[in-house]
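S.K.: next one to model:
(one chain, ligands or ions: 1)
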Amino acid sequence: MRITIIGAGYVGLVAAVCFACGGHQVICLEKDEARCQMLSEGQCPILEQKLPEMLTRALSKHTISFTTQPKEAIPHGEMIFIAVGTPSREDGQTDLGALFEAVEKIGKYAKNGAIVVIKSTVPLGTTENVRQLIQDTRPTDQSTIQVICNPEFLREGSAVDDFLCPDRIVAGTNDPNAGEQLFDLYHSILKRTIPCVLTSPINAELIKCASNAYLAVRLSYINELAGLCERAGASIGQVTEAMGMDPRIGSEYLMAGVGYGGSCLPKDTRVLVQTARSAGAPLTVLESAITANRMVTVRLAKRVAERISQGETIAIWGLSFKAGTEDVRNSPILALIKELSINLNCSFQIYDPAGCEFASCYPKEIQQKLFTTPEKALFGSSALIIGTAWPQFREIDLLALPSTMKKRIIFDFVNALDGKKARYAGFEYYACGEG
Ligand code: NAD
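M.R.: Predicted coordinates:
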């Protein structure tokens, strides 16, 4: 099939490369010229397992190309996927500027009969607005362009595997035939038969936001439980392990840590809360989960302040919002750094495994604090905070670390290390949720 993908970010690029490797003919429209150039030369701008090799393969087979020109990309597509960012504005509403810019171009250049697939996460009612807008710009088009809301559930760090082996495919559309064509397209590249949900656009929009909101509630609950464990002398690790053995609960998403972050959960929860409030059906559980998430930072900063004085230097290992990605959008560790800077006037020495290659993706003020190895970041510091559970941190021989720290204190806020080993190596060791 001839496919157009608009937006070569975490979602769009993964989708484009997976479809292209599955033998489809893909043109990716990316408005950022530098990114487009990089991709055309086979350089992958994000850290994502398997993606660089697959990009190279698709380019060599000529099944993928990148352009900044809507006129070139959009008429190509029998299916046109929109995967542009839909970030939160200051007021909590979704910024749909990029999405409607893409829709305007589709209205102008799409061939009759094309199917538009919205992969971006959008607020309730957006799919219908998109359909209406396209129809308004093409009043003489007899064949009508169908619009499907097809939310994406991939996770950064395992995006290719998630895309090729999803738990379900959701298509929200008023045209079942268009929905079936989308399911057929997916099944032409997927590793097994996947449950397909054909539903209304509004249900599809809500399925995505409600799923992310549920995960946020779950994480906030576990993080508050971790705070209780610290006070009560209990162990969050042992408590959640046993909780997860109950099949009604399940063992996923029970890890206590620094709070949820990233480009999805914080914004999707805020948007859903606002939508629910304006509909007169407030989601008070979700509102509390958002507040609880903010309070994780306060709780952890207080723990640090009990052992660290004003103006001391703190080493940080792990900056991305989760392991396996370079993405620091809404990373909770950035919020913790901010809180500690304000309260303790600390300075920071940061190491992240993705930091050397992707430093330019970080905020400017963070780039100046980056170190190239975990050991170098420790030099002269009074404590180490572990903020992202990169598996390689567990492999570090704590006994062999140079004794260049002023105090040997570790705050392992993501429980990445073996506490016993840390204590044996002479560290004063504080884990998250372990009293
Ligand atoms: P991103 O910011 O990484 O990528 C968006 C890309 O679109 C950027 O490269 C940008 O330059 C490009 N772009 C913006 N406007 C454009 C236009 N008019 N024409 C061409 N290109 C344009 O975003 P992302 O993380 O891939 O997320 C995309 C959408 O998918 C969002 O709605 C997000 O909520 C949703 N989503 C993201 C994830 C995730 O893990 N990142 C998972 C599921 C769903």
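S.K.: would Leu384 count as being in a strand?
M.R.: Yes - Leu384: assigned to a strand according to DSSP: H, G, I helix; E, B strand; the rest coil.
S.K.: contact residues of this protein facing the ligand?
M.R.: Proximity of the chain to the ligand (C-beta under 6 Å from any ligand atom) is limited to residues 6-12, 29-32, 35, 83-86, 98, 101-102, 119-121, 152, 154, 156, 263-264. (Glycine included, C-beta is placed from N, CA and C.)
S.K.: buried ones among those?
M.R.: Those of the residues of the chain next to the ligand that meet the buried threshold are 6-12, 29-31, 35, 83-86, 98, 102, 119-121, 152, 154, 156, 263-264, by 16 or more other C-beta atoms under 10 Å.
S.K.: correct me if wrong: Pro87 contacts Ser263.
M.R.: Yes - here Pro87 lies in contact with Ser263, judged by C-beta atoms under 8 Å, at a distance of 7.3 Å.
S.K.: and the protein, what are its domain boundaries?
M.R.: 2-199, 201-435 (automatic domain parsing).
S.K.: now those domains in CSV, with mean pLDDT?
M.R.: Below are these laid out as CSV (pLDDT from 0 to 100):
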stretch, mean pLDDT
domain 2-199, 96
domain 201-435, 96
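S.K.: hey, where'd the strands end up in the protein?
M.R.: With DSSP state E as the criterion, the chain has strands at 2-6, 25-29, 64-67, 79-82, 115-118, 146-149, 169-172, 196-199, 313-317, 347-351, 383-386, 409-412, 428-431.
S.K.: so for the third one, what gets flagged as buried?
M.R.: Neighbour-count burial for strand 64-67, with 16+ other C-beta under 10 Å as criterion, is recorded at 64-67.
S.K.: try the second one
M.R.: By neighbour count on 16+ other C-beta under 10 Å, the buried set for strand 25-29 is 25-29.
S.K.: for the residues you listed, which one is nearest Phe358?
M.R.: Cys28 (20.5 Å; C-beta to C-beta).
S.K.: and the residue of this structure that's closest to the ligand?
M.R.: For the chain, the nearest residue to the ligand under the criterion C-beta to the nearest ligand atom is Gly9, separated by 1.8 Å.
S.K.: please report phi then psi for that residue.
M.R.: Here is the backbone geometry of Gly9 (degrees, to the nearest 10): phi -100, psi -150.
S.K.: remind me, longest helix of this structure?
M.R.: helix 201-232 (DSSP state H).
S.K.: that one - contacts with which helices or strands?
M.R.: Where contact means 3 or more C-beta pairs under 8 Å, 6 or more residues apart in numbering; DSSP states H and E, helix 201-232 is packed against helix 126-137, strand 146-149, strand 169-172, strand 196-199, helix 236-244, helix 265-278, helix 284-305.
S.K.: end to end, how far does stretch 68-77 reach?
M.R.: 15 Å (C-alpha to C-alpha, to the nearest Å).
S.K.: actually stretch 90-105, not the one I wrote
M.R.: Start-to-end span of stretch 90-105 (C-alpha to C-alpha) is 27 Å.
S.K.: what does stretch 420-432 give?
M.R.: 14 Å.
S.K.: buried stuff in it?
M.R.: For stretch 420-432, the buried set under the neighbour-count rule, 16+ other C-beta under 10 Å, comprises 422, 425, 427, 429-432.
S.K.: do the same with stretch 392-404
M.R.: 393, 398, 401.
S.K.: just the ones of those residues in helices?
M.R.: Per DSSP H, those map to helices at Phe393.
S.K.: would you turn the buried residues of stretch 392-404 into TSV with distance to Asp136?
M.R.: Shown next, in TSV, are the buried residues of stretch 392-404 (distance: C-beta to C-beta, whole Å):
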residue	distance to Asp136
Phe393	54
Leu398	63
Leu401	64
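S.K.: list the contacts for the closest residue in space to Tyr429 that isn't next to it in sequence?
M.R.: Distances taken as C-beta to C-beta, 6 or more residues apart in numbering place Ala422 nearest to Tyr429, at 4.1 Å, with adjacent residues excluded. By C-beta atoms under 8 Å, 6 or more residues apart in numbering, the contact list for Ala422 reads 398, 410, 412, 429.
S.K.: which two of the residues you listed have the greatest separation?
M.R.: Pairwise distances across the contacts of Ala422 (C-beta to C-beta) peak at 11.0 Å, for the pair Leu398 and Asp412.
S.K.: next one: Val17 from Ser65, what distance?
M.R.: Taking C-beta to C-beta, to the nearest Å as the measure, Val17 falls 12 Å from Ser65.
S.K.: what is the burial count for Asn112?
M.R.: 10 (other C-beta atoms under 10 Å).
S.K.: next: the one 5 residues further on.
M.R.: The burial count assigned to Val117 is 27, neighbours taken as other C-beta under 10 Å.
S.K.: now, the residues of the chain next to the ligand that are in helices?
M.R.: 10-12, 35, 98, 101-102.
S.K.: distance from stretch 262-275 to the middle of the chain?
M.R.: From the chain centre to the centre of stretch 262-275 is a distance of 12 Å (C-alpha atoms, centre = their mean, to the nearest Å).
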